[in-house]
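Visitor: From the sequence below, what's the structure:
(one chain, ligands or ions: 1)
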Amino acid sequence: MNTQKRVMAIHDISCVGRCSLTVALPIISAAGFNCGVLPTAVLSTHTGGFTGFTYRDLTEDIKPIAEHWDSLGLRFDALYSGFLGSFEQIDLVAELFDRFRAENGFVLVDPVMADNGQLYSVYSPRMAKGMAGLCSHADIIVPNLTEAAFLLGEPYVGDDYDRSYIEALLKRLTALGAKQIVLTGVSYEPGMLGAASYDSVTGETGYFALKRIEGYFHGTGDVFGSSLLTGLLSGRSLTKAMEIAVRYTHRCIVLTDEAGLEKRYGVCFEKAIPYLIELTA
Ligand code: PXL
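Guide: A predicted model of the protein is given here:
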């Protein structure tokens with residue numbers, strides 16, 4: 001009997017820069033899961049810290065791809081979306097969730113669109129409204145603090161918050177429709193950085209953080225989301241999977257920092273893969 005879990009990762013391919021599919025596929029595969037990919041766009045590099053990148057939107061390919069999958073009777077134990085190539089893809093991806101989720105499968109949406117208080121340069125404010133709609137089709141969402149503010153149409157508070165603000169924010173985010181929330185880039189103590197979670201079914205809240213490494217490390221949201229997914233697929237609870245994701249992402253950042261690598265080329269997640277396998281075993 002084939003008990004290997006099957007995942008569909010729906011993100012762009014940034015050819016260079018270690019984010020989106022070039023991170024999700026190797027991480028999910030290394031953890032032992034069968035990972036298919038649906039590229040939403042192809043870019044020569046990601047959009048953060050580079051200018052002059054190419055951008056091929058693959059919206060037109062989604063429907064025929066889905067038709068072929070349907071003819072094969074494919075279903076996935078997890079569908080995981082991130083950076084989308086166009087506003088129009090939001091409804092198409094929502095439809096894929098409904099159509100291809102296995103009976104006990106789940107949908108993880110990372111509403112990739114913003115960081116540090118700002119939308120990514122390729123997105124307009126209507127993307128934020130659309131992403132909020134996509135979150136209503138998800139079981140779990142993984143926004144950062146900036147994305148959470150855009151999803152709710154609230155001001156971005158930067159570092160000016162406390163635990164009660166975050167716990168109330170997590171609850172407001174469940175009103176978008178997903179029952180489980182993991183909020184990234186959260187810190188309740190100086191010098192630490194991690195994530196906070198809320199499960200609206202059990203009422204459980206969680207927080208896990210490790211020592212903050214100064215600097216902006218590109219692609220860490222995708223490393224975090226992919227490793228969170230592997231924790232969940234390995235049967236861990238939301239809080240335990242979040243801890244795995246914080247630990248693995250932190251290790252990737254430490255290795256990148258120690259090596260003095262140029263941050264816009266992403267973190268060297270490859271060297272930390274044995275650690276992820278240990279964490280998810
Ligand atoms: O890491 C998120 C991401 C994914 N894909 C593209 C991006 C970004 C963030 O900047 O530009 C193309």
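
Visitor: Report the buried residues of stretch 198-206.
Guide: 198-199, 205-206 (16 or more other CB atoms under 10 Å). C-betas here are computed from N, CA, C, even on glycine.

Visitor: Make TSV out of those and add pLDDT, distance to the ligand and secondary structure.
Guide: Converted to TSV, these look like this (pLDDT from 0 to 100; distance: CB to the nearest ligand atom, whole Å; DSSP: H, G, I helix; E, B strand; the rest coil):
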residue	pLDDT	distance to the ligand	secondary structure
Tyr198	98	23	strand
Asp199	97	25	strand
Thr205	97	26	strand
Gly206	98	24	strand
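
Visitor: JSON lines for those, including distance to Ala78?
Guide: What follows is the buried residues of stretch 198-206, written out as JSON lines (distance: CB to CB, whole Å):
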{"residue": "Tyr198", "distance to Ala78": "20"}
{"residue": "Asp199", "distance to Ala78": "17"}
{"residue": "Thr205", "distance to Ala78": "23"}
{"residue": "Gly206", "distance to Ala78": "20"}
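
Visitor: and Lys5, what is it in contact with?
Guide: When contacts are counted by CB atoms under 8 Å, 6 or more residues apart in numbering, Lys5 touches 33-34, 77-78, 233.

Visitor: Let's see that with 7 Å instead.
Guide: 33-34, 77, 233 (CB atoms under 7 Å, 6 or more residues apart in numbering).

Visitor: Give me the ChimeraX select line for those residues, limited to the buried ones.
Guide: The command below creates a ChimeraX selection of those among the contacts of Lys5 that count as buried (16+ other CB under 10 Å):
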select :33,77,233
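
Visitor: Pull the most distant pair out of the contacts of Lys5.
Guide: The distance between the two most remote of those (CB to CB) is 10.4 Å, for Asn34 and Leu233.

Visitor: List just the nearest of the buried residues of stretch 198-206 to Gly215.
Guide: Nearest to Gly215 among those is Gly206, at 25.8 Å by CB to CB.

Visitor: Return the residues in contact with the closest one.
Guide: Counting by CB under 7 Å, 6+ apart, Gly206 makes contact with 196-197, 238-239, 242.

Visitor: cool, and Arg56?
Guide: 41-42.

Visitor: hmm, the helix or strand where it lies in reach of the ligand?
Guide: Secondary structure assignment for Arg56, by DSSP states H and E: strand 55-57. No: Strand 55-57 stays clear of the ligand (CB under 6 Å from any ligand atom), getting no nearer than 8.3 Å.

Visitor: For that strand, which strands pair with it and how are they oriented?
Guide: strand 34-45 (antiparallel) (DSSP bridges).

Visitor: so where do the helices sit in the stretch 51-200 of the chain?
Guide: All helices of the stretch 51-200 of the chain, identified by DSSP state H, counting those that start in this stretch, fall at 59-71, 89-100, 125-135, 145-152, 163-174.

Visitor: which one of these is the most hemmed in?
Guide: Highest mean neighbour count among those (mean count of other CB atoms under 10 Å): helix 145-152, with a mean of 22.

Visitor: Restricting to C-alpha, output that helix in PDB.
Guide: Extracted C-alpha coordinates of helix 145-152, given in PDB (Å, rounded to 0.1, in the frame of the first residue of the first chain):
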ATOM      1  CA  LEU A 145       2.500  40.700  10.600                       C
ATOM      2  CA  THR A 146       2.300  43.000   7.500                       C
ATOM      3  CA  GLU A 147       0.200  40.500   5.600                       C
ATOM      4  CA  ALA A 148      -2.100  40.100   8.600                       C
ATOM      5  CA  ALA A 149      -2.700  43.900   8.600                       C
ATOM      6  CA  PHE A 150      -3.400  43.900   4.800                       C
ATOM      7  CA  LEU A 151      -5.800  40.900   5.100                       C
ATOM      8  CA  LEU A 152      -7.800  42.700   7.900                       C
END
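
Visitor: and the gap between His68 and Phe83?
Guide: 23 Å (CB to CB, to the nearest Å).

Visitor: Write out the residues of the stretch 51-200 of the chain neighbouring the ligand.
Guide: Contact residues, the stretch 51-200 of the chain versus the ligand (CB under 6 Å from any ligand atom): 83, 112, 120.

Visitor: Can you select the buried ones from those in PyMOL?
Guide: A single PyMOL command selects the buried members of those (16+ other CB under 10 Å):
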select buried, resi 83+112
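
Visitor: In a markdown table, list the residues of the stretch 51-200 of the chain next to the ligand along with pLDDT.
Guide: As requested, these are exported to a markdown table (pLDDT from 0 to 100):
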| residue | pLDDT |
| --- | --- |
| Phe83 | 98 |
| Val112 | 97 |
| Tyr120 | 94 |
